[in-house]
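Enquirer: no sequence for this one, just the structure:
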């Protein structure tokens, strides 16, 4: 049996009384304590650590600063969650990392606390300096069957400094990890996005890590000028570097069968976009949208899925963007989960989600880790109903389809799929092979565009020569055409350019 009780922290006196009144029956070595801290003040955090370590020195404490805590109570408070396991065993560690060396920290975690009995790994990491994708990818590659959950630390949208902690240590630029070993643990991890793509699809033509430099061959920041009202770009809560508009309309990409949102944290002076998550050249992205109805409805659907599984406790690691977007309605996001099992968690700067087949670093997403040490499935005769504005939901659905259909023709002109792995962006004049830019000379590019215009139709040598050397008055030279075609062929997939008797060349495409 897993038992979770939570305490909303106000003073050390009240926390001390809570521990004495409620935790005497708990076994400390199997006790997980999660600190979801609303303040980044070190003295404030160490005072809580000190008291917990005095009364619960053998417990496993992992903590993080946040953009708000998650419970039935006020999110603007520090929440301390106490979870007692009966049949499972816990191990934890806190590891600092060097910038760009998150894989080394991951290797230490794997060595120190992960074993063949480990079923779940919970990670909290620095929210401003950690490459969470690199960290979790390294662990996932070594232990693909382990469910990894957690999120990045926050600091109430100040974007200054975040912390993670354990029983005694408190550090920035670090990751704290907890492993749960068990042969009697039932796990259900799930997620809830609710944002959906809208409008034109765009293609990344230059990017490095989590910085996008060019979209469709243009300075990345121009997409906001062109598609959105930018007058509020530099106004967001207490931060002057996080655009409001990117909370409402985040960028979204498709990873296999999963939509992944990305928040633009900052628009740099050079026009590049600093985002929460990595991109690759060739990724196709769109703006996305949602509303309170959609988020609430998706929460209801998530709760219905959970009612079909065994759940004794729920840990929620949700994006700060959801909280900022929902405002005073944020309780609608988790209300459908209230009566399923005790829940606790925090609003983060990014969420971790894994299955044995994939690993994703998420934004704008609520991730849920539900655990049980019993096979019995929770059942409930009546599920709490949340009132929705059904008319508005239908209107937004129609709006989405209307915008999508009105942009289809533009999109088709904009991006040409030549084969399964070869695309040509006519606006940016970029050729992408396996998401890598194909570097063509001016002459090769001119020839490619001619063959593309006439795709799947043979083009004779004289037409090619006249097009390529139209400004030069000289006799046709078949060797010049043949040499240029040969050079272009070397940079393209085999058999893409066919030739036939009589000096004809044809570009073979999908359409």
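Expert: Right, received. Where do you want to start? Not measured: the values here are computed from a predicted model.

Enquirer: show me the contacts for residue 100.
Expert: residue 131 (Cβ atoms under 8 Å, 6 or more residues apart in numbering). C-beta: built from backbone N, CA, C; applies to glycine.

Enquirer: so how far is residue 349 from it?
Expert: Distance, residue 100 to residue 349, by Cβ to Cβ, to the nearest Å: 18 Å.

Enquirer: Over to residue 151?
Expert: Distance, residue 151 to residue 349, by Cβ to Cβ: 7 Å.

Enquirer: And for residue 337?
Expert: From residue 337 across to residue 349, the span is 22 Å (Cβ to Cβ).

Enquirer: Relative to residue 247, how far out is residue 323?
Expert: For residue 323, the distance to residue 247 equals 10 Å [Cβ to Cβ].

Enquirer: hmm, back to that, residue 337 and residue 349: which has the busier surroundings?
Expert: Neighbours were tallied for residue 337 and for residue 349 using other Cβ atoms under 10 Å; the higher tally belongs to residue 349 (29 against 23).

Enquirer: Surely that one and residue 150 touch.
Expert: No. In this structure residue 349 lies outside contact range of residue 150 using Cβ atoms under 8 Å: 11.7 Å.

Enquirer: for this structure, which spans come out with low pLDDT?
Expert: Low-confidence segments of the chain (pLDDT under 70): 229-245, 356, 377-414, 471-475, 511.

Enquirer: which residue is nearest the middle of it?
Expert: The chain has residue 362 as the residue nearest its centroid, 1.9 Å off, counting by Cα atoms, centre = their mean.

Enquirer: That residue bridge partners, please.
Expert: Counting by DSSP bridges, residue 362 forms beta bridges with residue 351.

Enquirer: Which parts of the stretch 201-350 of the chain are strands?
Expert: Using DSSP state E, counting those that start in this stretch, the strands of the stretch 201-350 of the chain run over 211-215, 218-219, 251-255, 258-262, 264-267, 273-275, 284-289, 313-319, 343-348.

Enquirer: Give me the distance from the second one to the chain's centre.
Expert: The gap between where strand 218-219 is centred and where its chain is centred comes out at 24 Å by Cα atoms, centre = their mean, to the nearest Å.

Enquirer: Identify the residues contacting residue 350.
Expert: For residue 350, the contacting residues are 127, 132, 151-152, 276-277, 319, 361-363, by Cβ under 8 Å, 6+ apart.

Enquirer: Just the buried ones among these, please.
Expert: By neighbour count, with 16 or more other Cβ atoms under 10 Å, those hold 127, 132, 151-152, 276-277, 319, 361-363 as buried.

Enquirer: Check the spacing between residue 372 and residue 81 real quick.
Expert: Relative to residue 81, residue 372 is positioned 16 Å away (Cβ to Cβ).

Enquirer: same thing with residue 435?
Expert: In terms of Cβ to Cβ, residue 435 sits 42 Å off from residue 81.

Enquirer: Check residue 248 too.
Expert: As judged by Cβ to Cβ, residue 248 and residue 81 stand 31 Å apart.

Enquirer: Ok, residue 123 next?
Expert: For residue 123, the distance to residue 81 - Cβ to Cβ - is 16 Å.

Enquirer: Over to residue 227?
Expert: For residue 227, the distance to residue 81 equals 41 Å [Cβ to Cβ].

Enquirer: who's more crowded, the two?
Expert: residue 81 (23 against 14).

Enquirer: Give me the nearest residue to the more buried one, chain neighbours excluded.
Expert: In this structure, residue 81 finds its nearest non-sequential neighbour in residue 344, 3.7 Å apart by Cβ to Cβ, 6 or more residues apart in numbering.

Enquirer: right, and the secondary structure at residue 58 would be what?
Expert: Applying DSSP: H, G, I helix; E, B strand; the rest coil to residue 58 yields a three-state assignment of coil.

Enquirer: The nearest residue to it once chain neighbours are set aside: neighbour count?
Expert: Excluding its sequence neighbours, the residue lying closest to residue 58 (Cβ to Cβ, 6+ apart) is residue 28, at 3.9 Å. Residues within reach of residue 28, counting by other Cβ under 10 Å, total 14.

Enquirer: wait, residue 28 sits on residue 55?
Expert: No. Using Cβ under 8 Å, residue 28 makes no contact with residue 55, being 9.1 Å away.

Enquirer: How much space separates residue 16 from residue 166?
Expert: Using Cβ to Cβ, residue 16 is found at 20 Å from residue 166.

Enquirer: who's more crowded, the two?
Expert: The residue with more neighbours, out of residue 16 and residue 166, is residue 166; 23 against 14, by other Cβ under 10 Å.

Enquirer: Pretty sure that one sits against residue 59.
Expert: No. In this structure, residue 166 is not within contact of residue 59 by Cβ under 8 Å, at 10.2 Å.

Enquirer: Could you give the separation of stretch 354-363 from the chain centroid?
Expert: Between the centre of stretch 354-363 and the centre of its chain there are 9 Å (Cα atoms, centre = their mean).

Enquirer: How about stretch 122-140?
Expert: Distance of stretch 122-140 from the chain centroid (Cα atoms, centre = their mean) equals 12 Å.

Enquirer: go on, stretch 216-227?
Expert: Chain-centre distance of stretch 216-227: 22 Å, with Cα atoms, centre = their mean.

Enquirer: buried sites along it?
Expert: The neighbour-count check on stretch 216-227 (16+ other Cβ under 10 Å) flags 216, 218-221, 223-224 as buried.

Enquirer: and what of stretch 318-333?
Expert: By neighbour count with 16+ other Cβ under 10 Å, stretch 318-333 contains the buried residues 318-326, 330, 332-333.

Enquirer: can you list contacts of that stretch?
Expert: Counting by Cβ under 8 Å, 6+ apart, residues outside stretch 318-333 touching it are 67-68, 70, 75, 151, 154, 157, 192, 236-237, 247-248, 250, 261, 263, 290, 292, 295-296, 299, 334, 345-351, 362-367, 386.

Enquirer: re earlier: identify the farthest-apart pair in the buried residues of stretch 318-333.
Expert: 320 and 332 (16.4 Å; Cβ to Cβ).

Enquirer: what's near enough to touch residue 334?
Expert: Contacts of residue 334 by Cβ under 8 Å, 6+ apart are 70, 299, 316, 318, 343, 366.

Enquirer: What about residue 32, how many residues nearby?
Expert: By other Cβ under 10 Å, 23 other residues sit near residue 32.

Enquirer: so it touches residue 62, yeah?
Expert: Yes. The pair residue 32 / residue 62 is scored as a contact, 7.5 Å apart, by Cβ under 8 Å.

Enquirer: Find the residues that touch each one of those two.
Expert: Shared contacts of residue 32 and residue 62, defined by Cβ under 8 Å, 6+ apart, comprise residue 178.

Enquirer: For stretch 151-169, buried residues please.
Expert: 151-159, 161-167, 169.

Enquirer: Which of those residues fall in strands?
Expert: Of the positions in the buried residues of stretch 151-169, 151-152, 164-165 sit in strands, assigned by DSSP state E.

Enquirer: of those, closest to residue 463?
Expert: When those are compared for distance to residue 463 (Cβ to Cβ), residue 152 wins out at 57.3 Å.

Enquirer: Look up how far residue 204 lies from the closest one.
Expert: From residue 152 across to residue 204, the span is 23 Å (Cβ to Cβ).

Enquirer: Which residues belonging to stretch 97-106 are considered buried?
Expert: In stretch 97-106, counting by 16+ other Cβ under 10 Å, buried: 97, 102, 105-106.

Enquirer: Out of those, which sit inside helices?
Expert: 102, 105-106 (DSSP state H).

Enquirer: So what pairs up with residue 212 in the strands?
Expert: Beta-bridge partners for residue 212, by DSSP bridges, are residue 207, residue 273.
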